[in-house]
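# sequence plus predicted model, see below.
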Amino acid sequence: MSMSDEYDYVIVGAGSAGCVLADRLSASGSNRVAVIEAGPADRYFWIHVPLGYGKTFYDRRINWAYRTEPDPGLGGRADYWPRGKVLGGSSSINAMVWIRGDAADYADWEAAGNPGWGWSDVLPHFRRIEHNEAGANEYRAQGGPVHVSDLTDRVHPLAARFIAATVQAGLPFNSDFNGPAQEGVGIYQTNTKAGWRVSAARAFLRPAMRRANVTVLTRALATRIMFDGSTATGVEILQSGTRRVLTARREVILSAGAVNSPQLLQLSGIGPGDLLRTHGIEIRHENAQVGANLQDHVGINYTYRTTVPTLNQEIGPWWGKLLAGANFLLRGRGPLSLSMNQGGGFLRTRPGLDRANVQLYFQAISTHQAKTGSRPLLGPDDFPGFSIGLSNCVTTSRGRISISSADPTAPPSIQPNSLSTASDVQDVLEGMKFLRRIADQPALRDIIVEELAPGPAVQTDAELIADFRARCGTVYHPSCTCRMAPDGVVDARLRVHGIHRLRVVDASIFPQLISGNTNAPVMMVASKASDMIEQDQV
Ligand SMILES: Cc1cc2nc3c(=O)[nH]c(=O)nc-3n(C[C@H](O)[C@H](O)[C@H](O)COP(=O)(O)OP(=O)(O)OC[C@H]3O[C@@H](n4cnc5c(N)ncnc54)[C@H](O)[C@@H]3O)c2cc1C
């Protein structure tokens with residue numbers, strides 16, 4: 001049996017972008033908005049506790065838990081790609097580091113043929129979405145829905161040593177990575193409030209759901225876009241074994257994320273001709289760019305055994321967990337209330353670069369003894385240890401997302417093609433050398449017993465690179481698979497080329513991956529898109 005529902009806007013995906021759109025497009029009260037989410041409501045306790053990140057990482061009830069194809073750049077390993085499948089999307093399972101990216105990233109977006117996407121255009125949207133606990137100025141704002149916490153007085157004491165050592169190694173201190181300059185070392189801000197995660201669902205969707213003109217369907221999989229000729233008219237969904245169509249009077253908006261938005265376009269006949277023909281899908285608009293240009297950051301941890309207590313001792317033993325739990329529940333403080341990435345930084349590893357090419361992460365915790373296939377943040381090493389991580393910022397490697405079947409329930413094929421260019425390899429090599437220089441500075445050297453991973457046997461460039469390829473993994477920033485460009489997938493107003501009344505609004509539209517974390521940039525994109533959609537109302 002098939003039923004039909006009519007809305008003005010049908011949004012696919014309640015993630016970082018979809019939640020912002022649902023809020024903005026329904027605010028006036030004059031539009032009926034439907035949001036289709038494949039996952040469940042976000043009622044699971046560990047979603048809301050910052051360190052619960054370790055619990056949701058592999059939880060298939062709320063996580064797509066993708067595996068990539070074997071990646072030659074990773075020595076043929078198939079990487080694990082968690083993606084949120086729940087209200088809030090990946091913002092419900094991410095590490096909450098709040099970063100906008102470098103002004104130069106957005107200059108590049110605009111230069112790629114996208115007028116209106118330069119730094120001065122996007123800055124007002126970054127300001128509009130946030131409530132910065134540390135105050136407002138020309139870069140930062142208060143009053144927006146996303147509460148951004150300054151954790152300077154709450155981080156583990158070792159973070160101060162990490163910062164001191166990094167300054168000794170030559171990187172300047174930066175008190176606000178989202179201020180005038182991104183470069184430097186400092187404490188990460190997180191999208192948390194009084195110790196609890198502020199996901200896109202909490203900040204944007206919950207308030208929207210109180211409005212009578214908003215309908216949110218959970219456990220509802222969008223299976224294809226419906227058309228009248230080259231005009232999108234609605235979305236077919238599969239919910240509790242039943243297929244039905246939601247009709248969109250104004251527009252269909254895909255916010256299914258960088259893996260699933262290109263998948264849904266391809267399933268709907270918009271994509272590379274050969275691929276669609278292989279799977280017997282009728283071609284509506286041939287475009288080889290759909291699913292192409294996949295960009296992501298890859299990262300690695302260096303792990304150290306130390307003489308001073310770390311979070312390992314605070315949350316490792318059973319009494320530590322009990323104390324941490326009580327401290328969190330009663331006061332919203334302590335290790336459970338913090339992202340594990342406490343300190344961090346952005347650096348240029350060589351002269352001549354116009355922005356940072358390596359990002360640093362400091363974690364006052366180590367999981368060297370952990371088995372692979374688990375992420376036991378709540379079961380760290382039984383000795384004191386800490387980790388310094390790094391990832392690349394600017395990447396020139398390009399991968400691809402392709403449907404593996406015409407069946408919408410089958411996961412798409414993910415080919416990251418990581419570290420496939422010489423400059424990407426050079427960036428991480430120079431990053432690793434700088435990381436070891438940090439560990440060798442007086443502020444850290446004296447308290448380090450030994451480097452556990454990769455360990456002293458790894459010394460030459462070739463050994464460092466081989467170790468990186470063997471141990472690195474995604475830092476969860478896939479993007480650019482429905483690239484915004486005149487010759488890409490969407491135009492500068494995020495309308496799908498060749499199709500009417502269909503937009504893509506999520507990380508997939510990035511023309512180029514920004515040099516940092518992606519949650520805030522995705523929300524910025526959705527904030528800007530909602531203005532455009534209202535301006536274009538027909
Ligand atoms: C483990 C992890 C850690 C991260 N850490 C950070 C961090 O510390 N800081 C940071 O800034 N960024 C971080 N990120 C990245 C950031 O969270 C994402 O870039 C961002 O949330 C992506 O937003 P999006 O709207 O593009 O997609 P998502 O937020 O992934 O939303 C897509 C939504 O669409 C739904 N969906 C997909 N297909 C369908 C379908 N066919 N039908 C119905 N619904 C569908 C999904 O279930 C999901 O809810 C992290 C990501 C992960 C996974």
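Done, it's in.

# when you work out contacts or count neighbours from here on, use the C-alpha atoms and nothing else.
Noted.

# stretch 90-109: which residues count as buried?
Residues of stretch 90-109 classed as buried by neighbour count (16 or more other CA atoms under 10 Å): 90-103, 105-109.

# likewise stretch 209-217?
Neighbour-count burial for stretch 209-217 [16+ other CA under 10 Å]: 209, 213, 214, 215, 216, 217.

# could you check how far it is from the centre of its chain?
Computed by CA atoms, centre = their mean, to the nearest Å, the chain-centroid distance of stretch 209-217 equals 26 Å.

# low-scoring stretches of the stretch 201-350 of the chain, by residue?
318-319, 322-323, 326, 328, 330 (pLDDT under 70).

# so which bits of it are right by the ligand?
220, 221, 222, 223, 255, 256, 257, 258, 260 (CA under 6 Å from any ligand atom).

# number of nearby residues for the third one?
The one in question is residue 222. Residues contacting residue 222 under the criterion other CA atoms under 10 Å number 27.

# please list all residues in contact with it.
Listed by CA atoms under 8 Å, 6 or more residues apart in numbering, the contact partners of residue 222 are 12, 36, 37, 38, 235, 236, 237, 238, 264.

# ok, the last one touching residue 226?
So the one you mean is residue 264. No - using CA atoms under 8 Å, residue 264 is not in contact with residue 226; the gap is 11.2 Å.

# who's more crowded, the two?
Between residue 264 and residue 226, residue 264 has the larger neighbour count (other CA under 10 Å), namely 22 against 19.

# which bits of the stretch 351-500 of the chain sit near the ligand?
476, 477.

# tell me where the stretch 351-500 of the chain has helices.
422-439, 442-445, 461-471 (DSSP state H, counting those that start in this stretch).

# please convert the ones you listed to a markdown table, extending it with mean pLDDT and mean neighbour count.
What follows is the helices of the stretch 351-500 of the chain, written out as a markdown table (pLDDT from 0 to 100; neighbours: other CA atoms under 10 Å):
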| stretch | mean pLDDT | mean neighbour count |
| --- | --- | --- |
| helix 422-439 | 98 | 19 |
| helix 442-445 | 97 | 17 |
| helix 461-471 | 98 | 17 |
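
# could you identify the longest strand within this protein?
strand 242-254 (DSSP state E).

# in the sheet, which strands lie alongside that strand, parallel or antiparallel?
strand 4-12 (parallel), strand 231-239 (antiparallel), strand 502-504 (parallel) (DSSP bridges).

# pick the most deeply packed of these.
Most buried of these by mean neighbour count (mean count of other CA atoms under 10 Å) is strand 502-504; its value is a mean of 27.

# contacts for that one?
Counting by CA under 8 Å, 6+ apart, 231-232, 251-255, 261, 482, 490, 494-496 sit against strand 502-504.

# please report how far residue 41 lies from the ligand.
As judged by CA to the nearest ligand atom, to the nearest Å, residue 41 and the ligand stand 10 Å apart.

# please name the residues that touch that residue.
Residue 41 touches 86, 87, 218, counting by CA under 8 Å, 6+ apart.

# most neighbours among these, please name it.
Highest count within the contacts of residue 41 by other CA under 10 Å belongs to residue 87, 33 neighbours.

# close enough to count as contact, it and residue 40?
Yes - with contact defined as CA under 8 Å, residue 87 counts as touching residue 40 (6.5 Å).

# anything in contact with each of the two?
Counting by CA under 8 Å, 6+ apart, the residues touching both residue 87 and residue 40 are residue 218.

# hang on, residue 116 packs against residue 110?
Yes - counting by CA under 8 Å, residue 116 touches residue 110, with 6.7 Å between them.

# just for the stretch 401-538 of the chain, where's the confidence low?
Using pLDDT under 70, the flagged stretches of the stretch 401-538 of the chain are 538.

# OK, contacts around the one residue in the stretch 351-500 of the chain that gets nearest to the ligand?
Distances between the stretch 351-500 of the chain and the ligand by CA to the nearest ligand atom are smallest at residue 476, namely 4.6 Å. Counting by CA under 8 Å, 6+ apart, residue 476 makes contact with 81, 82, 296, 297.

# out of these, which is nearest to the ligand?
The closest of the contacts of residue 476, once distances to the ligand are taken by CA to the nearest ligand atom, is residue 82, at 4.8 Å.

# how much space between that closest one and residue 462?
Per CA to CA, to the nearest Å, residue 82 is found 30 Å from residue 462.

# and what of residue 531?
50 Å.

# I'd like the contacts of strand 502-504 as JSON lines, with distance to residue 311 appended.
Shown next, in JSON lines, are those (distance: CA to CA, whole Å):
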{"residue": "231", "distance to residue 311": "55"}
{"residue": "232", "distance to residue 311": "52"}
{"residue": "251", "distance to residue 311": "49"}
{"residue": "252", "distance to residue 311": "46"}
{"residue": "253", "distance to residue 311": "43"}
{"residue": "254", "distance to residue 311": "41"}
{"residue": "255", "distance to residue 311": "37"}
{"residue": "261", "distance to residue 311": "39"}
{"residue": "482", "distance to residue 311": "41"}
{"residue": "490", "distance to residue 311": "45"}
{"residue": "494", "distance to residue 311": "44"}
{"residue": "495", "distance to residue 311": "47"}
{"residue": "496", "distance to residue 311": "48"}
